[in-house]
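Colleague: requesting a structural model of the entry that follows:
(one chain, ligands or ions: 1)
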Amino acid sequence: MTMTRTISSKPGRALGEEFLKQMLGQQKRLIVDRANQFGAAGLPSAEQLAETIAFAPQDGNIWLCGQRMMLLQGSAFGAIRRELIEALGLDKARGLLTRIGWQAGARDAAQVSARWPEGDHASLYSAGPRLHMLEGMVNVEAVRFEIDSNIGHFYSEFFWHNSLEADEHIANYGVGSEPACWMEVGYASGYASSLLGRLVVFREQECRCMGHSACRIIGKPADQWEDLDVDLAYLDAGDFLSRSTYGSGGETEVADIEEAAGDQVIVGISAAFVAASQQLYRVAPTQASVLLTGESGVGKELFARSLHEASPRSQTPLVALNCAALPENLVEAELFGVERGAFTGAERSRPGRFERAHGGTLFLDEIGTLSLSAQSKILRVLQEGEVERVGGTTPIKVDVRVIAATNLDLRREVEAGRFREDLLYRLNVFPIHLPPLRERREDIPLLMSYFLRKFSARHGLTPTGFSSRLVNTLLTYSFPGNIRELQNLIERGVIAAGDGEVIDVVHLAEAGEPLRSQSIGLTTEGRLASVADCDSAKTASNSPASSPTDSDDGHLAVAPELASLQAFMSGREQELGTSLKDIELRLVRLALARCGGNITAAAQMLGMSRAQVSYRLKDE
Ligand SMILES: [Zn+2]
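Modeller: Next up is the predicted model:
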């Protein structure tokens, strides 16, 4: 896919990445005049950006640069744009559309700079117009671009051809006297401001909506424009810098929590995650018991810690106990303490977790695994505010806030007679459900870069980032082990890839981790194809000698059915999240792949008859 237009009248010198860096390093100002090679070889390249597109129709998702996108008809946008103008008036509608564009541009900039942290300003900046083109809004031709190494000076001028918004405006209103590519101008301003960390304002000097053959836009730092108030009014500049980019907003939030929770933080921007954290901050100031539910690995302990840190008890101890980690005969002694001589081996009296948490918070993980007897005693502590040590006779006053967590459905446990209903009610005063990672996929890129930073620092390694193939694979992977699994994968990737390398699927697959990409991406010719096909096409053209079996489904990856089976067998999951039939079929396919499609050999490998194997394949 060719993203830059070549202007033959002035054949510019090819601006390689090195050349750009040199220019930025040696001269105060980089000037790209008639910038036909505008950022042509810097990071990210047009191809790298196109590789970040992934279609995952099985999830109803489209991804671009790790962000969930949507395909919307240009004409539907035109219709709603017209309705906005008629309902709100020209000025308000213009402001709204400018800010939509700003939001989109700021988000793209945040993703680009997080993903290519080693990119210089000039090439990262040039990714903005490219993304704008990929998103189907305009065809950008760079006219002039100047930036100095400290971004003290910035000037950018473009031609926009084929603007979608201009098409829609002209279709509805014809040619007039004002420029009308509002959303697109907002995008340019949002992208540049978010990327460069200072307010950059773009204005349309000419527009197809005014009868010009193309739109011409100029961007400068805000303080270099006159009559800035007009632009600021459309941008609703009152507090737009603080709430406009989720990149910077998200980081502030992360930083705040990071300080509070120490080593690890809770990270996310997805609707499901934000809902859960809002509940956390609502309940934190109270004394209410909190029940955290969710699958294994979703971060319940981290949430409990953040809740404690955000509560008035933050200066007091947080005591944690994983109820499943202790044998049943020791749980009660751990929870309530023991008096000397209570049982063989109890040579000294010692306090239990409730006593040690006095004045603070007690986190009881996997509470669903407690015996009914321990449950009754916990209920009594919660009701009376007193514990009695094992073998003791004197009740001891305790003031403890309890946060409990479980990956079981406690209502079902109550029905089955394994959990006390009255204790459930007592704990369930304020339930918070933590969504599994596959239901908050928007957070995956954020978590990936968080863990990349964390583990690079911990191991003193400097991998440069993630391959698009890996990002797309992880965006469509089912993550039976949730965040913990992602965290382990990234740590493994950091170690396997090493310094200066990009972490790729192979670095995780070497460790035998179950990964299978189900996404559809864009080939270099701009066609859609499964990512494996895009990759193998590329592999074939780049290094014809490489073995095609490297990308073979059966070798690189373990299917989700088998991952579910593994999770079930290991006890990580309580339920088998797939059918026996699917597991069988998966094994049949795997055996077939190993035997080069020979059904008889595959049947032998599986201890089945040839007819059984054929039957299963027919059933597929
Ligand atoms: Zn225009």
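
Colleague: mind checking the SS state of Gly136?
Modeller: Three-state call for Gly136 (DSSP: H, G, I helix; E, B strand; the rest coil): coil.

Colleague: give the contact list for it.
Modeller: Residues near Gly136 by C-beta atoms under 8 Å, 6 or more residues apart in numbering: Gly74, Leu164. Glycine gets a C-beta too; all of them are placed from N, C-alpha and C.

Colleague: same check, this time on the one 4 residues further on
Modeller: For Val140, the contacting residues are Pro129, Arg130, His132, Met133, Phe158, Phe159, Trp160, His161, taking C-beta under 8 Å, 6+ apart as the criterion.

Colleague: residue ranges with poor pLDDT in the stretch 501-620 of the chain?
Modeller: Scanning the stretch 501-620 of the chain with the threshold set as pLDDT under 70 gives 509-559, 596, 619-620.

Colleague: apart from its neighbours in sequence, what residue is nearest the closest residue to the ion within the stretch 1-150 of the chain?
Modeller: Residue nearest to the ion within the stretch 1-150 of the chain: Val138 (8.5 Å; C-beta to the ion). Excluding the flanking residues, the one nearest Val138 by C-beta to C-beta, 6 or more residues apart in numbering is Trp160, at 4.3 Å.

Colleague: from the contact counts, what lies against whichever strand or helix holds the one you found?
Modeller: Trp160 is part of strand 154-161 when elements are defined by DSSP states H and E. Using 3 or more C-beta pairs under 8 Å, 6 or more residues apart in numbering; DSSP states H and E, the elements in contact with strand 154-161 are strand 139-148, helix 182-196, strand 200-206, strand 215-221.

Colleague: can you redo those as JSON lines with mean pLDDT?
Modeller: JSON lines is the format used below for these (pLDDT from 0 to 100):
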{"stretch": "strand 139-148", "mean pLDDT": "85"}
{"stretch": "helix 182-196", "mean pLDDT": "90"}
{"stretch": "strand 200-206", "mean pLDDT": "93"}
{"stretch": "strand 215-221", "mean pLDDT": "94"}
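
Colleague: most tightly packed of these?
Modeller: Comparing these by mean neighbour count (mean count of other C-beta atoms under 10 Å), helix 182-196 ranks first with a mean of 27.

Colleague: by contact count, what packs against it?
Modeller: Checked by 3+ C-beta pairs under 8 Å, 6+ apart, helix 182-196 has helix 90-115, helix 121-134, strand 154-161, helix 164-173, strand 200-206, strand 215-221, helix 228-235 packed alongside it.

Colleague: can I get the CA coordinates of it in CSV?
Modeller: This file holds the C-alpha atoms of helix 182-196, laid out as CSV (Å, rounded to 0.1, in the frame of the first residue of the first chain):
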residue,chain,number,x,y,z
TRP,A,182,-14.3,20.2,10.9
MET,A,183,-13.8,16.7,12.2
GLU,A,184,-10.7,16.3,10.1
VAL,A,185,-9.2,19.5,11.3
GLY,A,186,-10.0,18.4,14.9
TYR,A,187,-8.1,15.1,14.2
ALA,A,188,-5.0,16.9,13.0
SER,A,189,-5.0,19.2,16.0
GLY,A,190,-5.7,16.4,18.4
TYR,A,191,-3.0,14.2,16.9
ALA,A,192,-0.3,16.9,16.9
SER,A,193,-1.1,18.3,20.3
SER,A,194,-1.2,14.9,22.0
LEU,A,195,2.0,13.7,20.3
LEU,A,196,4.0,16.9,20.9
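
Colleague: one step back: report the buried members of the contacts of Val140.
Modeller: Taking 16 or more other C-beta atoms under 10 Å as the criterion, what is buried in the contacts of Val140 is Pro129, Arg130, His132, Met133, Phe158, Phe159, Trp160.

Colleague: ok, the third one - contacts?
Modeller: This means His132. Gly105, Val138, Val140, Glu184, Tyr187, Ala188, Tyr191 are the contacts of His132 under C-beta under 8 Å, 6+ apart.

Colleague: Tyr173 - how many residues pack around it?
Modeller: 12 (other C-beta atoms under 10 Å).

Colleague: now do the same contact list for it.
Modeller: Ala180, Cys209.

Colleague: Arg418 now?
Modeller: Contacts for Arg418 (C-beta under 8 Å, 6+ apart) come out as Gly368, Leu372.

Colleague: any chance of the contacts of Val140 in CSV, with distance to Thr578 and pLDDT too?
Modeller: Output for the contacts of Val140, formatted as CSV (distance: C-beta to C-beta, whole Å; pLDDT from 0 to 100):
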residue, distance to Thr578, pLDDT
Pro129, 45, 91
Arg130, 40, 90
His132, 42, 94
Met133, 41, 92
Phe158, 51, 92
Phe159, 54, 93
Trp160, 50, 95
His161, 50, 93
